[in-house]
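K.L.:
Generate a structure from the sequence data that follows.
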Amino acid sequence: MGASHSRDDLLETSDSESEQEEEANYEDATEGSSDRRVKTPSSLDDVEAKLKALKIKYSSNPKIKNAVKLYLHVGGNTPKAKWVTSDKLTSYSFIRTHRIDAESEDDDDNDDNEDDSEEEESFWVLKVGSKIRSKVAPDLQLKTFGDQRRVDFVARAVWAMKFFTEEDYNSFLEQFQNCLFENTHGVEATEANKLKVYDKDFIGWANPEAADDTMWEDAEDSFAKSPGSATPVRKSQDLKEEFEEAANGGIQSLALGALDNSFLVSDNGIQVVKNFSHGIHGKGAFVNFSGGYQNRGSSLVHCTPKKTLLMRAETNMLLMSPMDGGKLHSTGLHQLDIETGKVVTEWMFGKDGTEITMRDITNDSKGAQLDPSGSTFLGLDDNRLCRWDMRDRNGMVQNIADSGADLSTPVLNWAQGHQFSRGTNFQCFATTGDGSIVVGSLDGKIRLYSVNTMRQAKTAFPGLGSPITHVDVTFDGKWIVGTTDTYLILICAVFTDKDGKMKTGFAGRMGNRIAAPRLLKLNPLDSHLAGTNNKFRNAQFSWVTENGKQERHIVATVGKFSVIWNFQQVKDGSHECYRNQQGLKSCYCYKIVLRDDSIVESRFMHDKFAVTDSPEAPLVIATPMKVSSFSISSKR
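P.N.:
Reported below is the predicted structural model:
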């Protein structure tokens, strides 16, 4: 299956009058429709017009408290897909409860006092009539339409609520945001508590209207002046599939090279493929793991590595596998010589004579894998951030291809770093072009460390409460994208110091001129189509390793979807997505590539593979059994 435009583009084609069914009446929708795929919400006004034309009695000023009209989307992606009226007149409430599926209606609502005597922690639930009862959380994927006094959301199906007055609409949003804050942070959404959670420098994250958005404009100006921007940025672009070919099977990860080759890491080995300006393809050498790759302490012949890292001008690859029991952490790694196809060294992580673990590794900087003499890399564990050196202090490194099994495994040299006492809960990290480090944490915090120190973060963004599962940063360090299960958070790290110089948060404390972040989300329709168990994974900028060049796209995966945002469009404050929005600006303009299997990884090739008629290098998408390459071409 090939590439598509965004789901919005696809679904808008179904809204033409020729595809709208004229019906004498609209039956009330039931919960039985919740498993159907969903379609564009833009026909709600058509539903209302038809209902009024049929002279169904409407109350323009209903006396019911919190009155709304409730709609359900049915019919999947078929031409018959439409919004149907679920309740002509119903009401919503926010209820404090200890379990979502409580049948009793004795729970406290938002007008009553909370029962503090219960041992079990309570939370806020959104209840709409008798059909919807769902915890107030980001996975509701609430999307607002201020000009229509309407909100769409996902609760086992895709729903829309329309409010009778502007006051009703604004009241709902205020209640929803307060309940979301309390469910996320465990404290009431008072101004004092927001100040405690976000700190005075980041209060714009809680109240975006008070944030300094000029930082986005300043960074935008610097982008326009950069020499890498000579190629016109066209917001209207097509995706064209160039290649799709079967792999050797069981692909677990994708290691893209900036030189001649890239590598597909599968269950039983590493397949070498060629890099071209139109993607990757061609079956080259295959390195079989049965030749000696084995996880330390494991009875298995080999253990599929979950993390790979290219080094030394892409002639070596580090392979890190999880420990027994499925834990993400590892006690060591293997060093593979790609040119010979042999694992030459098995390294152990150790400090002060004690074996320790790592959960992630990355290169010293964005372009470090191209350095032919590189011997260091970075490591991350829950409460550790460090730099490892493969140069053995004794001047010897064990070669396991020639050594007996009785020889001890060499220990990597802890060259630099810090072991925090507790509480950091690091999850992921990435580096800039100069080697500065950004780290994402379980509590949603994103910390920035300069290239000179790993002991204390120069800047610590508070996050929005959802765990950061993956993080990336632009080559120049000005932009950071964090991945959570339900949204991406895009942060501007630029600030102006007291001398009027523009810096990033890696170089110094940002003070209080900090811009509010922007969120990248799926609309409720696509979120429902992606499936309840599918989450955002591995959001990354396109790949640039040259000063003055600017990344052009952001790509992430959700189940079988590869989702692509135009980076320039996201930064544009006048973009149509941001109109009539309240709270943090959320961008829903994206393109989707749908595969017929869950996607392992989606990544842009290095900027050097961009061709003259395309503003971007090819996009490579790997599923367990296939690898596809796409070119982004500008519409003329």
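K.L.:
drop to CA atoms for contacts and neighbour counts, all remaining ones
P.N.:
Will do.
K.L.:
and N183, helix, strand or coil?
P.N.:
helix (DSSP: H, G, I helix; E, B strand; the rest coil).
K.L.:
ok, the nearest residue to it once chain neighbours are set aside - contacts?
P.N.:
Excluding the flanking residues, the one nearest N183 by CA to CA, 6 or more residues apart in numbering is F123, at 5.8 Å. Going by CA atoms under 8 Å, 6 or more residues apart in numbering, F123 touches R96, T97, H98, K135, E182, N183.
K.L.:
Report pLDDT for F123.
P.N.:
Here, the pLDDT recorded for F123 equals 95.
K.L.:
What backbone torsions are found at it?
P.N.:
phi -150, psi 170 (degrees, to the nearest 10).
K.L.:
next structured bit after whichever strand or helix holds F153?
P.N.:
According to DSSP states H and E, F153 maps onto strand 150-154. Heading C-terminal from strand 150-154, the first helix or strand you meet, by DSSP H and E, is strand 158-163.
K.L.:
part of a helix, is Q369?
P.N.:
Yes. The assignment for Q369 is a helix, going by three-state DSSP.
K.L.:
quick one: it and R603, what's the gap?
P.N.:
16 Å (CA to CA, to the nearest Å).
K.L.:
same deal with P372?
P.N.:
24 Å.
K.L.:
ok, the two, which is more surrounded?
P.N.:
R603 (26 against 13; other CA atoms under 10 Å).
K.L.:
Any idea what the more buried one is bridged to?
P.N.:
V620 (DSSP bridges).
K.L.:
close enough to count as contact, it and V627?
P.N.:
No. With contacts counted by CA atoms under 8 Å, R603 stays clear of V627, the gap being 11.4 Å.
K.L.:
tell me, what's touching the two both at once?
P.N.:
Joint contacts of R603 and V627 (CA under 8 Å, 6+ apart) are V620, I621.
K.L.:
and the nearest residue to M161 once chain neighbours are set aside, what helix or strand is that in?
P.N.:
Among residues not flanking M161 along the chain, L70 sits closest, at 4.8 Å (CA to CA, 6+ apart). For L70, the enclosing helix or strand under DSSP H and E is strand 67-74.
K.L.:
Phi first, then psi, for the nearest residue in space to F153 that is not next to it in sequence.
P.N.:
In this structure, F153 finds its nearest non-sequential neighbour in L142, 4.5 Å apart by CA to CA, 6+ apart. Main-chain dihedrals, L142, degrees, to the nearest 10: phi -60, psi 130.
K.L.:
quick one: L142 and K351, what's the gap?
P.N.:
On the measure of CA to CA, L142 and K351 end up 47 Å apart.
K.L.:
Which of those two has more residues huddled nearby?
P.N.:
L142 (20 against 13).
K.L.:
wait, isn't that one in contact with S527?
P.N.:
No. Using CA under 8 Å, L142 is not in contact with S527; the gap is 10.6 Å.
K.L.:
intersection of neighbour lists for the two?
P.N.:
In contact with both L142 and S527: V154, using CA under 8 Å, 6+ apart.
K.L.:
can you give me the strands for the stretch 401-550 of the chain?
P.N.:
With strands called from DSSP state E, counting those that start in this stretch, the stretch 401-550 of the chain shows them at 413-419, 426-431, 437-441, 446-449, 459-461, 470-473, 479-483, 488-492, 494-496, 502-504, 518-520, 536-541.
K.L.:
Cool, thanks, signing off.
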